[in-house]
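K.L.:
coordinates only, no sequence provided:
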């Protein structure tokens, strides 16, 4: 059983303020919940429309009407859980270091987290104005990958200093990525969807790289998540080539 | 002036049945409308909240309430236009040939069209069950690129025969794309979001290629539009390398 008041409070976890107050974030759908559980996240609430069990935890059965209140999706899931927000950890240098500067679209952040997971990158730097990764739309778009990638919301300039990172910009007028090399302590900076990289960060960037364009496309640029994917694939290919 | 009845009919262009009946498709937003006009599409209706002109055409001013009825976006645009559906053309062989087999998500199709435009691919084969490219969500996601890329909805097997194309599958268990080569008359087949490539097409495929995975990601695969982008970038890189 769950009280109306408790449900109401849990439904508010869609908002960052309430996630931070309660120290909880919601995850919807069996696959994603299982992934977070298997990755050691602490499950505090677990609701289901039918009898359900994940990793030894029995779900509390609730009505469809209650599930609709809890859910942040247009089609409510069969199962819904709230996990404890993870404790902050330290950024660790990666084979390929990525910093997000003001990514605002939850779908883009989720897609980038999914990409990092695919390319074996488990730490990601995010500027303080990047959308919160525990936003339900980000969790949804990351397809469970958020359970395996740690995001660090920091002042990027401080982080570059602390880890002796050399920021490399990504834009449409930079050096062709296929001619560019990135030093061991390079960090690829992906800018905001509309504005690109912020002025503050731009001032620190010595070199910009870009994905070559073939023809004269209608759109001025690739979507930021797409650009991240193509760049990660290219630098992973090179890492693979040198490992051989 | 525009009659209530006319507005009602134009608002129905969000549905394929009505687009085909009227031979029209809607485009929203100044930039996209300008791109279609500049690419020679015939503009039949042009509405605006304020005085506006595109390529010598004056907009008919309408009220916000009417714009909301016409629009298929959550935030109605300032300008809305209906263009004539283009006359069917013939598929032309490309440097990199792509066939979509049952792509159903409008956002994915729009993103793939935008990618084709970026990588200079102006013809795209689509199975008959791929989502209609004049669906407003596809037009929106393509960011004007639909004006520059021609989609051919065909029985893919017939098309492979007609153009002597050798289908190459894309999945998660294929040959590493970095070790794979594609013959001049190869065609890369991108499968449905959930089901992958259909049985009918799979039977014709001699080789599958895949994007290597680094680590053990939570998601089983990359999103189909992302995979298309990474594959297009890689084969474009090689074309560029051989041209040099």
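P.N.:
Structure received. Keep in mind that what you see is a predicted model, and the values were worked out from it rather than measured.
K.L.:
does the biggest helix by length in chain A come close to chain B?
P.N.:
Assignment by DSSP state H gives helix A:224-243 as the longest helix of chain A. Yes - counting by Cβ under 8 Å from any Cβ of the partner chain, chain B has neighbours in helix A:224-243: A:225-226, A:229-230, A:233-234, A:236-237, A:240-241. Placement of C-beta: from N, CA and C, glycine included.
K.L.:
put together a markdown table for those residues, with distance to residue A:124 on each row.
P.N.:
Below are those laid out as a markdown table (distance: Cβ to Cβ, whole Å):
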| residue | distance to residue A:124 |
| --- | --- |
| A:225 | 13 |
| A:226 | 17 |
| A:229 | 14 |
| A:230 | 17 |
| A:233 | 16 |
| A:234 | 18 |
| A:236 | 15 |
| A:237 | 20 |
| A:240 | 21 |
| A:241 | 24 |
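K.L.:
from those residues, list just the buried residues.
P.N.:
Applying 16 or more other Cβ atoms under 10 Å in any protein chain shown to the residues of helix A:224-243 next to chain B, the neighbour count classes A:225-226, A:229-230, A:233-234, A:236-237 as buried.
K.L.:
what angle sits between the strand ranked longest in chain A and helix B:224-243?
P.N.:
Criterion DSSP state E: the longest strand present in chain A is strand A:166-176. Interaxial angle, strand A:166-176 versus helix B:224-243 (axes from the mean of the first three to the mean of the last three Cα atoms, to 10 degrees): 60 degrees.
K.L.:
chain center to the following helix or strand past strand A:166-176: distance?
P.N.:
Elements were assigned by DSSP states H and E; along the chain past strand A:166-176, the next helix or strand is strand A:186-191. Distance of strand A:186-191 from its chain centroid, counting by Cα atoms, centre = their mean, to the nearest Å, is 15 Å.
K.L.:
repeat for stretch A:104-121
P.N.:
The answer for stretch A:104-121 is 5 Å, by Cα atoms, centre = their mean.
K.L.:
buried set for that stretch?
P.N.:
Result for stretch A:104-121 [16+ other Cβ under 10 Å]: buried residues A:105-121.
K.L.:
how about stretch A:145-157?
P.N.:
A:145-154, A:156.
K.L.:
and which of those residues is nearest to residue A:135?
P.N.:
Among those, residue A:146 lies closest to residue A:135 (Cβ to Cβ), at 10.3 Å.
K.L.:
that older thread, hmm, which two among the buried ones among the residues of helix A:224-243 next to chain B are most spread apart?
P.N.:
The farthest-apart pair in these, when distances are taken by Cβ to Cβ, is A:225 and A:237, at 18.7 Å.
K.L.:
could you list the low-pLDDT ranges of chain A?
P.N.:
A:240-244 (pLDDT under 70).
K.L.:
quick check, central residue of it?
P.N.:
Of all residues in chain A, the one closest to the mean position by Cα atoms, centre = their mean is residue A:113, 3.8 Å from it.
K.L.:
that one - nearest residue in space that isn't next to it in sequence?
P.N.:
residue A:142 (4.1 Å; Cβ to Cβ, 6 or more residues apart in numbering or on different chains).
K.L.:
can you give me the neighbour number for the one you found?
P.N.:
Counted by other Cβ atoms under 10 Å in any protein chain shown, the residues lying close to residue A:142 total 28.
K.L.:
dihedrals phi and psi, it?
P.N.:
Note on residue A:142: its backbone torsions stand at phi -80, psi -10 [degrees, to the nearest 10].
K.L.:
contacts only, for it.
P.N.:
Counting by Cβ atoms under 8 Å, 6 or more residues apart in numbering or on different chains, residue A:142 makes contact with A:109-111, A:113-114, A:117, A:133, A:149, B:218.
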